[in-house]
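Chemist: After the sequence you'll find the predicted model.
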Amino acid sequence: MSVPTSPADLYRYSLRLLLDKDIPAWVDLWAEDSLMEFPFAPDGWPRRLEGKEAVAAYMRHYPDHIDLHDFPDLRIHETTDPATIVVEMRGVGRLVESDAPFDMTYIAVVTVRDGHITSYRDYWNPLAVQEPGADFAGSSR
């Protein structure tokens with residue numbers, strides 16, 4: 001399958017890769033000089049990842065900790081910049097360590113250029129990482 005290049009289609013494709021737990025293919029969607037930001041990250045969690053390699057390192061162990069099942073309530077909003085979308089969604093599944101339910105609401109501002117994610121601001125709920133088994137990033141908290 002060819003990788004879509006429109007921001008909305010690329011984003012939908014990226015969610016499919018996360019559900020398939022194909023982190024290497026998900027990381028391949030990122031530009032080498034991309035930027036991922038977490039404005040609401042709690043102390044000890046990264047707030048800024050610069051470059052594709054930093055994103056890859058951050059996400060490497062995600063499926064070992066969070067087993068995603070679906071992204072219900074997905075809404076993608078176009079902006080006045082055709083390269084940028086705003087996404088509202090929920091990620092649901094389970095925490096692998098405890099088998100507890102995982103249900104997180106996200107808002108993301110995503111920019112795509114030349115078929116790659118160049119900027120991703122992820123506004124997620126920092127209280128959710130207080131659950132045992134949610135610390136896939138190996139935070140220092």
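Modeler: Ah, there it is.
Chemist: Pretty sure residue 15 sits in a helix.
Modeler: Yes. Under DSSP: H, G, I helix; E, B strand; the rest coil, residue 15 falls within a helix.
Chemist: contacting residues around it?
Modeler: Neighbouring residues of residue 15 by Cβ atoms under 8 Å, 6 or more residues apart in numbering: 71, 74, 89. Every residue, glycine included, has its C-beta placed from N, CA and C.
Chemist: so the second one makes contact with residue 91?
Modeler: No. In this structure, residue 74 sits apart from residue 91 without contact. The criterion is Cβ atoms under 8 Å, and the distance is 9.9 Å.
Chemist: Could you check how far residue 68 is from residue 17?
Modeler: 11 Å (Cβ to Cβ, to the nearest Å).
Chemist: So residue 74 and residue 91 - more neighbours on which side?
Modeler: Between residue 74 and residue 91, counted using other Cβ atoms under 10 Å, residue 91 has the larger neighbour count: 22 against 15.
Chemist: check which helix or strand covers the more buried one.
Modeler: strand 84-95 (DSSP states H and E).
Chemist: Direction included, what does the next helix or strand after that strand pair up with?
Modeler: On the C-terminal side of strand 84-95, the closest following helix or strand by DSSP H and E is strand 101-113. If you go by DSSP bridges, strand 101-113 pairs up with strand 84-95 (antiparallel), strand 116-124 (antiparallel).
Chemist: okay, the last one in PDB with CA atoms only?
Modeler: Once non-C-alpha atoms are left out, strand 116-124 reads as follows in PDB (Å, rounded to 0.1, in the frame of the first residue of the first chain):
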ATOM      1  CA  HIS A 116       5.800  13.200   6.300                       C
ATOM      2  CA  ILE A 117       4.800  14.500   9.700                       C
ATOM      3  CA  THR A 118       7.000  17.500  10.500                       C
ATOM      4  CA  SER A 119       5.200  18.800  13.600                       C
ATOM      5  CA  TYR A 120       3.000  17.100  16.100                       C
ATOM      6  CA  ARG A 121       1.700  18.900  19.300                       C
ATOM      7  CA  ASP A 122       0.000  16.300  21.400                       C
ATOM      8  CA  TYR A 123      -2.400  17.600  24.100                       C
ATOM      9  CA  TRP A 124      -3.000  14.500  26.300                       C
END
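Chemist: Many thanks, have a good one.
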